[in-house]
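Enquirer: Predicted structure and sequence below. I'll ask about it afterward.
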Amino acid sequence: MPNTTANNTPEPTARSFPGVQRLNHPLIQHKLTLLREKNRSSSSFRRLLQEISLLMAYEVTREMPTQLVDIETPLEGMKSPVIDGKKTVFVVIMRAGAGLLEGMLDVVPSARVGHVGLYRNPETLEAVEYYFKMPAGMPERDAIVLDPMLATGHSAVAAVTRLKATKPRSIRFVCLLAAPEGLRTFAKAHPDVQVYTAAIDRELNDHGYILPGLGDAGDRIYGTK
């Protein structure tokens, strides 16, 4: 029998979304459960988010290309694989995406960082851009877009559309939580972009928030309302 949520509706699975990879490592899922708790402090929320993003980074970068270089061990010379971290760009969707950045940089410290500033129109729920800054030489770089929540999908679609204009070598999208509505919107606009998420939640409410979700990620990161 399929898994069901508390209200007896079928639980969404990655199988329903071919372009989505759910990162179900037990440590990621454990820390995500702690992150969801409503009474968790901002400092604890930030620490857990950093820990989860570090764990997610290992999975997201699994297919990162490597090249052989000559090195000397204490015993002899050899050829050994390395990545070119400078070819990786973490693209932060401001402001909440910054919460995922620290853990990613812990794994790939030489990566460059780009920023896309978007806010959601409270009436239309559409994304409005106010800032965009990327490193030079994007056609030679692999972009990993960071945003904790893929809710309506409008911000993610707008950010990736803008990013594609810089012609990066590849694009991946990373989020903590995704709603089925957002995944469908994103896949329709960008079927070529792989999505990595820790969980696919049930649905959106009337205000565009993910249910059961974890609230507003930006507010919980920065202690604002």
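Expert: Yep, it's here.

Enquirer: switch to C-alpha atoms for all contacts and neighbour counts from now on
Expert: Will do.

Enquirer: residue boundaries of the strands in the chain?
Expert: Ranges of strands in the chain, per DSSP state E, are 20-22, 67-72, 77-82, 88-94, 112-120, 127-133, 142-146, 149-150, 170-178, 194-200, 203-204, 210-211.

Enquirer: for the record, mean pLDDT for the fifth one?
Expert: If I follow you right, that is strand 112-120. The average pLDDT for strand 112-120 rounds to 89.

Enquirer: can you give me the angle it makes with strand 142-146?
Expert: 40 degrees (axes from the mean of the first three to the mean of the last three C-alpha atoms, to 10 degrees).

Enquirer: Out of the strands of the chain, flag the one nearest Arg40.
Expert: strand 170-178 (16.8 Å; C-alpha to C-alpha).

Enquirer: Sheet partners, orientation included, of the closest one?
Expert: strand 142-146 (parallel), strand 149-150 (parallel), strand 194-200 (parallel) (DSSP bridges).

Enquirer: Check what contacts the shortest one and list those residues.
Expert: In this case it means strand 149-150. Residues outside strand 149-150 that contact it (C-alpha atoms under 8 Å, 6 or more residues apart in numbering) are Ala156, Cys175, Leu176, Leu177, Ala178, Ala179, Gly182, Leu183, Ala217.

Enquirer: try it again with 10 Å
Expert: 96-97, 155-157, 173-183, 185-186, 195, 197, 200, 209-210, 213-218 (C-alpha atoms under 10 Å, 6 or more residues apart in numbering).
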